[in-house]
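Asks: Structure for the following, please:
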Amino acid sequence: MDKIIMGTTPTIKYTFKSIAPTDITIAYLTITYGENEIERDITTATVSSTGISWTLTQEETLGITDNAVVIRLNWKTADGTRGASSRTVVMIETNELDEVI
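Replies: Predicted coordinates for the structure are as follows:
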């Protein structure tokens, strides 16, 4: 993902090559901007055979007050293996219609 447009409902997806996403029992998506944070756990995710994805709300993207966010995924599998993604910096683009529709 190269950018998030404020007021939209983007989907953030992580795909896996060496583990099966269905083996993941705990997962936390963290989106950090300034001193603020959006955190989602696996109960709000869609899990498929190839990945895990979260869809942000219009309210969440409208609430981002910085020009960029840092996104990271932490997870743990049923056998106790813990992993984390690299930090991803995503730019935030303003939207002329900056309200929930």
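
Asks: And residue 4, how far from residue 77?
Replies: Between residue 4 and residue 77 the distance is 28 Å, computed by Cβ to Cβ, to the nearest Å. C-beta: built from backbone N, CA, C; applies to glycine.

Asks: ah, wrong one, I meant residue 60
Replies: 27 Å.

Asks: circling back: comparing residue 4 and residue 77, which residue is more hemmed in?
Replies: residue 4 (22 against 17; other Cβ atoms under 10 Å).

Asks: could you pull out the helices for this structure?
Replies: Along the chain, the stretches classed as helices by DSSP state H are 58-62.

Asks: give me the low-pLDDT residue ranges for it?
Replies: Along the chain, no part satisfies pLDDT under 70.

Asks: what number of residues lie near the closest residue to residue 53 other than its chain neighbours?
Replies: Distances taken as Cβ to Cβ, 6 or more residues apart in numbering place residue 13 nearest to residue 53, at 3.8 Å, with adjacent residues excluded. Neighbours of residue 13 under the rule other Cβ under 10 Å: 15.

Asks: for the one 10 residues further on, same thing?
Replies: Counted with other Cβ under 10 Å, the burial measure for residue 23 works out to 14 neighbours.

Asks: Thought residue 78 was touching it, still the case?
Replies: Yes. The criterion here is Cβ atoms under 8 Å, and residue 23 meets it with residue 78 at 5.4 Å.

Asks: Residues contacting stretch 45-61, please?
Replies: 4-16, 20-22, 24, 27, 29, 31, 38, 40, 42, 44, 73, 75, 92, 100-101 (Cβ atoms under 8 Å, 6 or more residues apart in numbering).

Asks: let me fix that: stretch 6-15
Replies: Residues from elsewhere that reach stretch 6-15 (Cβ under 8 Å, 6+ apart): 1, 4, 29, 31, 50-58, 61-62, 64, 71, 73, 85, 92-95, 97-101.

Asks: Please name the residues that touch residue 4.
Replies: Residue 4 touches 10, 56, 61, 64, 69, 90, 91, 92, 93, counting by Cβ under 8 Å, 6+ apart.
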